[in-house]
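Q: Mind folding the following:
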Amino acid sequence: MHDMSAHAAAHHAPPSGFIRKHVFSVDHKVIGIQYTTLSLVAAFIGMALSWAMRIHLGWPSASIPLLSLLSPNGAPGGVPTPEYYLSLMTMHGTIMAFFVLTAAPMAGYGNFMLPIQVGAADMAFPRLNMASFWVTFVGFVLACATFIIPDGPPISGWTAYAPLSAVGQVAGPGQGWGQNLWGLSIAVFCVASLLGALNFIVTTIDLRTKGMTLSRLPLSTWAWFINAWVSLLAFAVLLPTCLLLVLDRLGGTSFFIPGGLVVNDKVLPHSGGSPLLFQHLFWFFGHPEVYIIILPAFGIVAHVMPTFTRKPLVGGWKVITFAMIAIGSLSFLVWGHHMFVSGMSPNMAMVFSVPTLIITIPSVIAVLVFAASLYGANIRFTTPMLFCLGFISLFITGGIGGFFLAQPAVDSYLHATSFVVGHFHFTMGLSAIFATFAGFYYWFPKMWGRMMNETLGKVHFWLSFVLVYAVFMTMHLMGLTGAVRRYSAYVTDFMVPQIPTNRFITFAALLLGATQFIFLYNAIWSRFKGPKAADNPWQATTLEWDTTSPPPFDNFGGRQMTIHHGPMEYDADASVMQTSPEQSIAGT
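A: Okay, here's the model as predicted:
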């Protein structure tokens with residue numbers, strides 16, 4: 001192990017020149033910042049798309065001037081057509097799910113922090129690491145390119161269900177090269193994710209420093225390690241699925257297109273395919289994807305909370321770690337609950353309903369550990385800690401909705417309503433984003449050597465927390481009244497009375513988006529003007545705080561780190577670094 005670690009430290013020299021240092025860098029810290037920056041850009045693009053959707057839902061005839069410039073055909077006069085509304089929805093979901101929620105907490109923070117937390121000088125395969133970022137960047141460019149081609153982005157949703165996504169231009173606007181680029185974008189992203197997952201696994205197994213046993217790994221490292229295994233298995237299924245979809249579209253194959261299909265009065269020259277096969281393959285990836293997003297969030301919260309509660313988590317490292325392993329394993333057994341309305345046998349629906357309820361057990365255990373660890377704690381209500389508390393609240397709220405959707409009879413009513421939109425935004429979207437914010441505020445001093453403004457951070461938290469509930473809890477209530485998702489305008493008799501509620505959601509969503517500019521200002525200002533950060537401003541115990549802020553090229557200035565303790569050595573008055581030979585506080 002130590003020979004490999006030494007090799008990792010020596011097999012690439014410090015960069016010289018701007019390009020090698022800041023662009024095509026093999027330094028895991030630079031790559032982590034590149035991923036984080038890319039995700040931040042993607043997040044604001046995704047937010048702008050959601051703004052356009054919300055304005056259109058609240059005022060269907062309102063003109064959105066920028067849309068007419070972006071797509072004169074899709075939004076003539078700035079008013080989105082129903083098809084272009086579906087395009088906005090498709091690209092919002094795609095960009096947020098893949099390039100924000102998957103990339104930021106895993107590839108961004110994980111790339112920067114995991115090697116330091118295990119005491120390594122870099123990732124096991126630095127050049128492969130550089131390649132994974134630039135492949136991700138190409139995937140992001142391909143996704144954004146759908147907005148500038150003549151037929152625009154696809155209308156098939158971020159799940160791209162066949163046969164709509166497979167039959168080509170005949171299916172409508174965006175279903176020509178827009179859908180082709182979408183399929184290629186996600187295939188490219190899969191390749192990048194597979195490269196990154198291999199790097200995370202090998203680095204964690206082979207490059208741990210002396211004394212860094214598995215029981216002494218920080219819980220954030222455990223989360224990234226487990227998540228890498230889940231990503232390796234899940235993206236390995238999505239990649240060929242996307243390639244088969246592109247072949248159906250461009251190669252004349254019939255993997256997902258049934259024979260005799262008529263679209264726009266044309267009989268398509270395909271036979272033998274199964275649209276249901278696409279759903280099985282997609283959701284075999286898609287449900288683990290929920291946990292690819294949420295597992296790093298668990299790890300970040302489990303890592304940050306002890307720092308500000310000044311006590312170990314209840315149960316130590318084992319409870320959270322085994323809960324995350326159980327979640328990752330069970331995530332591959334529940335994909336069918338996304339298909340309760342697909343026409344599957346009621347017996348099979350019950351088969352998938354049972355593990356759907358079982359997987360809530362480790363999730364509930366993890367959240368209960370977080371909540372129980374607050375009891376008797378000497379809590380420091382810093383901005384990172386507030387976002388951890390927000391994560392707990394949002395995940396519990398979203399999880400309660402999951403109990404409804406796990407029942408086939410209830411899901412059949414709610415599946416196509418805004419109840420589901422509110423549920424998955426709480427569970428896999430906003431919970432993960434709050435944990436991502438916690439990690440950003442927590443690790444910003446280590447990444448940039450400066451502190452963020454705490455007052456602005458707390459304003460950002462409280463406004464975001466209140467407005468998130470205003471938007472997405474209201475969506476739950478609208479869903480219970482039958483508000484259908486994916487409709488671009490409410491015109492039917494039973495939905496017209498819901499328009500005022502929709503406008504309330506739109507106002508809250510616009511304010512929620514505007515609040516994120518407080519965060520953006522704080523991040524940019526603090527990067528250049530924030531107070532200088534100490535090497536360990538939070539009095540934390542893990543290895544990233546046992547080096548300078550920001551760390552040197554090889555992370556520890558040539559020092560060989562030796563680990564004597566676990567990562568949660570806290571009590572109310574003191575903390576012990578993992579490298580300190582002094583007596584243990586927590587007994588690890």
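
Q: Show me what the longest helix belonging to the chain is packed against.
A: The longest helix of the chain (DSSP state H) is helix 275-309. With contacts taken as 3 or more Cβ pairs under 8 Å, 6 or more residues apart in numbering; DSSP states H and E, helix 275-309 sits against helix 109-117, helix 219-250, helix 316-330, helix 360-372, helix 383-405, helix 431-448. In short, each C-beta sits where N, CA and C put it, glycine included.

Q: Helix or strand next in line after the second one, which one?
A: So the one you mean is helix 219-250. strand 262-263 (DSSP states H and E).

Q: And for the third one?
A: As assigned by DSSP H and E, the chain's next helix or strand after helix 316-330 is helix 346-358.

Q: before we move on, what about the last one?
A: Helices and strands here follow DSSP H and E; after helix 431-448, the next one along the chain is helix 454-480.

Q: buried stuff in the next helix or strand along the chain from that following helix?
A: Downstream of helix 454-480, the first helix or strand assigned by DSSP H and E is helix 499-529. For helix 499-529, a neighbour-count test (16 or more other Cβ atoms under 10 Å) marks 499, 501-502, 505-506, 508-510, 512-513, 515-516, 518-519, 522-523, 526 as buried.

Q: and among the helices and strands packed on helix 275-309, the most buried is which?
A: helix 109-117 (a mean of 28; mean count of other Cβ atoms under 10 Å).

Q: quick one: contacts of that one?
A: Here helix 109-117 makes contact (Cβ atoms under 8 Å, 6 or more residues apart in numbering) with 28-29, 31-33, 35-36, 121-123, 129, 196, 200, 203-204, 207, 217-218, 220-221, 224, 227, 296, 300, 436, 439, 443, 446-447, 542-544, 547, 551, 555.

Q: ok, now with 6 Å
A: With contacts defined as Cβ atoms under 6 Å, 6 or more residues apart in numbering, helix 109-117 is touched by 28-29, 31-32, 35, 122-123, 218, 221, 224, 439, 542-544, 555.

Q: Could you tell me which residues within the helix or strand just after it count as buried?
A: On the C-terminal side of helix 109-117, the closest following helix or strand by DSSP H and E is helix 126-145. Neighbour counts over helix 126-145 (16+ other Cβ under 10 Å) mark 126, 129-133, 135-140, 142-145 as buried.

Q: Repeat that for stretch 557-577.
A: 561, 563, 564, 565, 566, 567, 568, 569, 570, 575, 576, 577.

Q: again with stretch 187-207
A: Neighbour-count burial for stretch 187-207 flags 187-204, 206-207 (criterion: 16+ other Cβ under 10 Å).

Q: Would you agree residue 448 is in contact with residue 526?
A: No. With contact taken as Cβ atoms under 6 Å, residue 448 and residue 526 are classed as non-touching, separated by 7.5 Å.

Q: rewinding a little: closest one of the buried residues of stretch 557-577 to residue 234?
A: Nearest to residue 234, judged by Cβ to Cβ, of those is residue 567 at 27.4 Å.

Q: can you pull the contacts of the residue lying closest to the closest one once chain neighbours are set aside?
A: Counting by Cβ to Cβ, 6 or more residues apart in numbering, residue 218 is the residue found nearest to residue 567 once chain neighbours are left out, at 4.2 Å. Neighbour list for residue 218: 117, 303, 542, 567 [criterion: Cβ under 6 Å, 6+ apart].

Q: quick one on the thing from earlier: closest one of the buried residues of helix 126-145 to residue 326?
A: residue 132 (27.7 Å).

Q: do you know how far that closest one is from residue 57?
A: 37 Å (Cβ to Cβ, to the nearest Å).

Q: Which phi and psi values does residue 267 adopt?
A: phi -80, psi 120 (degrees, to the nearest 10).

Q: and it, bridged to which residues?
A: Beta-bridge pairing of residue 267 under DSSP bridges involves residue 262.

Q: Next one: it relative to residue 261, how far apart?
A: 7 Å.

Q: of the two, who's got more company?
A: Neighbours were counted for residue 267 and for residue 261 using other Cβ atoms under 10 Å; residue 261 has more, 18 against 10.

Q: what's the burial count for the nearest residue to the more buried one once chain neighbours are set aside?
A: Leaving out its chain neighbours, the residue that sits closest to residue 261 by Cβ to Cβ, 6+ apart is residue 268, at 4.8 Å. Look at residue 268: counted by other Cβ under 10 Å, it has 20 neighbours.

Q: Verify the contact between residue 268 and residue 260 for me.
A: No. Checked against Cβ under 6 Å, the pair residue 268 and residue 260 is beyond contact range at 8.2 Å.

Q: ok, of the contacts of helix 109-117, which one's closest to residue 93?
A: residue 35 (20.1 Å).

Q: which helices and strands does the helix or strand encompassing that closest one pack with?
A: Here residue 35 sits within helix 28-58, counting by DSSP H and E. Judged by 3 or more Cβ pairs under 6 Å, 6 or more residues apart in numbering; DSSP states H and E, the packing partners of helix 28-58 are helix 82-94, helix 109-117, helix 126-145, helix 499-529.

Q: Now do that helix: distance to the chain's middle.
A: 11 Å (Cα atoms, centre = their mean, to the nearest Å).

Q: continuing past that helix, what's the next helix or strand?
A: helix 65-70.

Q: which other helices and strands contact that next one?
A: Secondary elements touching helix 65-70 (3+ Cβ pairs under 6 Å, 6+ apart): none.

Q: Please point out which parts of that helix sit buried.
A: 67, 68, 70.

Q: What backbone torsions are found at residue 151?
A: phi -90, psi 0.

Q: Need the phi and psi values for the residue nearest to it when sequence neighbours are not counted.
A: Nearest non-adjacent residue to residue 151, counting by Cβ to Cβ, 6+ apart: residue 176, 4.7 Å away. Backbone geometry at residue 176, expressed as degrees, to the nearest 10, gives phi -90, psi -110.

Q: low-confidence ranges in this structure?
A: 1-13, 587-588 (pLDDT under 70).

Q: Please repeat the previous calculation with a cut-off of 50.
A: 1-10 (pLDDT under 50).

Q: So which residue is dead centre in it?
A: Taking Cα atoms, centre = their mean, the centroid of the chain lies closest to residue 101, which sits 1.8 Å from it.

Q: Touching, that residue and residue 432? I think so.
A: Yes. Using Cβ under 6 Å, residue 101 is in contact with residue 432, at 5.2 Å.

Q: Now do the shared contacts for these two.
A: residue 293.

Q: Roughly how far does the closest residue to residue 129 other than its chain neighbours sit from residue 455?
A: With sequence-adjacent residues excluded and distances taken as Cβ to Cβ, 6+ apart, residue 129 is closest to residue 123, at 4.7 Å. Distance, residue 123 to residue 455, by Cβ to Cβ: 36 Å.

Q: just residue 385 next, same as before
A: Distance from residue 385 to residue 455, by Cβ to Cβ: 15 Å.

Q: May I have the phi/psi pair for residue 532?
A: The phi/psi pair for residue 532 (degrees, to the nearest 10) is phi -60, psi 140.
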